[in-house]
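Asks: The sequence and its predicted three-dimensional model are supplied below.
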Amino acid sequence: MKFIVSSSYLLKQLQVLGSVINSSNTLPILDNFLFELDNNRLIVSASDLETTMSATLEIDSTSQGSVAVPAKLLLEILKTFPEQPLTFTVEENSTIEISSNSGKYALAYSPGDEFPKSVILDDPSSTVVPAEVLATAISKTIFAAGNDDLRPVMSGVFFQFSPEGLIFVATDAHKLVKYSRTDVKASEVADFIMPKKPLNILKGILGVSDSEVKIEYNDSNAVFSFDSYMLVCRLIDGKYPNYEAVIPKENPNLLHIDRTQFLNSVRRVAIFSNKTTHQIRLKIAGTELNISAEDIDYSNKAEERLTCDYQGDDLQIGFNSRFLTEMLNNLHSDEIQLEMSLPNRAGILTPVDGLDEGEVITMLVMPVMLNN
């Protein structure tokens with residue numbers, strides 16, 4: 001088994017796949033990349049059992065076979081090469097030899113058939129989504145997903161597909177983001193919960209792709225195929241909470257404000273807030289928004305006044321500044337709208353401008369009790 005491949009081309013693909021491999025694996029074989037050679041096509045795969053990703057590379061070869069090559073060692077050596085062709089030769093003595101312009105390097109390999117087989121979906125449902133749309137949907141929602149192992153369904157992003165459009169939701173019970181598109185549709189109704197790790201990997205590579213992503217899914221697994229990549233992952237099992245029920249419908253108090261100005265004020269004032277609650281207070285009356293924070297233990301306090309466009313009753317409401325900052329950071333509009341009803345009901349944050357046709361973003365942030 002022998003093949004020739006460009007060093008930088010191989011490195012680029014392996015770096016993407018390397019993000020799948022865990023730093024400590026229960027099965028030693030998972031510390032390897034699986035190389036499957038079929039003449040001038042090389043399929044390289046990496047897996048952590050939950051997520052498996054493979055890339056198809058065009059190479060120069062006339063042989064066939066499969067071997068598992070140590071991932072860390074291979075990535076380390078590839079990073080040091082300038083652009084050049086490398087020749088990989090599988091020797092009889094269980095080593096694979098790499099020949100470069102300047103030298104030869106041998107590393108031990110394992111038989112390819114020891115590597116866990118990727119899941120094949122029987123008769124899956126499928127939807128095609130532009131890469132850019134999926135990348136945006138992931139980056140707009142993933143930050144709001146929870147980290148609580150006791151509530152695994154909330155540690156992923158909920159995908160909801162229908163002929164009306166696509167909806168992506170993430171929540172950790174303190175904040176919630178719902179991202180919907182009516183310009184991209186699915187042929188049938190389906191929903192599933194995607195874990196964070198494969199989504200972060202997808203987010204990293206979809207941003208530079210302008211192709212379509214084919215998503216195939218059944219009750220337990222999903223497959224994402226685009227360009228030369230294929231990612232298979234196990235879905236989170238369970239029923240997603242009824243998120244529509246927590247979004248308050250009647251919100252008579254509307255605040256319009258410049259996003260950057262509001263974000264900068266919240267950031268500054270939050271420095272003076274209590275380090276455990278991160279609580280800031282918004283006091284809104286007429287066209288004035290007063291943002292304040294106080295840490296009684298250290299006698300630190302801060303207060304800022306901003307002019308805003310406000311319709312509604314005078315209101316005082318408390319928020320966790322970290323959640324508010326995260327949400328404002330993930331919006332890219334010039335102006336935002338904050339809808340509120342009562343100091344103990346969630347506030348709804350939406351961008352006023354900068355959205356594509358058919359794109360809707362709703363962010364919900366739970367208030368914190370103010371100690372008057």
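Replies: Great, that's in hand.

Asks: can you give me the helices for the protein?
Replies: Ranges of helices in the chain, per DSSP state H, are 7-18, 71-80, 131-141, 196-206, 259-270, 321-329.

Asks: ok, and for the fourth one, which residues are buried?
Replies: Residues of helix 196-206 classed as buried: 196, 197, 198, 199, 201, 202, 203, 205, 206 (neighbour count, 16 or more other Cβ atoms under 10 Å). The C-beta positions use only the backbone N, C-alpha and C, and glycine is treated the same way.

Asks: Check the offset of that helix from the chain's centre.
Replies: Centroid separation for helix 196-206 versus its chain: 5 Å, with Cα atoms, centre = their mean, to the nearest Å.

Asks: Pull the contacting residues for the residue nearest to residue 195 when sequence neighbours are not counted.
Replies: Leaving aside its chain neighbours, residue 195 sits nearest to residue 156 (4.9 Å; criterion: Cβ to Cβ, 6 or more residues apart in numbering). Taking Cβ atoms under 8 Å, 6 or more residues apart in numbering, we find residue 156 in contact with 145, 170, 193, 194, 195, 196, 199, 236.

Asks: distance of residue 156 from residue 220?
Replies: Residue 156 sits 14 Å away from residue 220, going by Cβ to Cβ, to the nearest Å.

Asks: so residue 9 touches residue 57, yeah?
Replies: Yes - shown here, residue 9 and residue 57 form a contact pair, counting by Cβ atoms under 8 Å, at 7.0 Å.

Asks: Give me the more crowded residue out of those two.
Replies: More crowded of residue 9 and residue 57, by other Cβ atoms under 10 Å: residue 57, with 20 against 15.

Asks: what does stretch 49-61 rub up against?
Replies: Against stretch 49-61 from outside (Cβ under 8 Å, 6+ apart): 2-5, 9-10, 13, 16-17, 20, 27, 30, 37, 39-47, 116, 118-119, 195, 197-198, 201, 228-234.

Asks: quick revisit: would you format the buried residues of helix 196-206 as TSV with pLDDT included?
Replies: Below are the buried residues of helix 196-206 laid out as TSV (pLDDT from 0 to 100):
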residue	pLDDT
196	96
197	95
198	97
199	97
201	95
202	95
203	93
205	91
206	92
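
Asks: between these, which is nearest residue 267?
Replies: residue 203 (24.4 Å; Cβ to Cβ).

Asks: Quick one: residues contacting that closest one.
Replies: By Cβ under 8 Å, 6+ apart, residue 203 lies in contact with 135, 138, 139, 142.

Asks: Nearest spatial neighbour of it, chain-adjacent residues omitted?
Replies: Computed as Cβ to Cβ, 6+ apart, the closest residue to residue 203 that is not its neighbour in sequence is residue 138, at 4.6 Å.

Asks: How about residue 142?
Replies: Spatial nearest neighbour of residue 142, chain neighbours left out: residue 199 (5.6 Å); criterion: Cβ to Cβ, 6+ apart.

Asks: ok, now how distant is the one you found from residue 168?
Replies: Separation of residue 199 from residue 168 (Cβ to Cβ): 10 Å.
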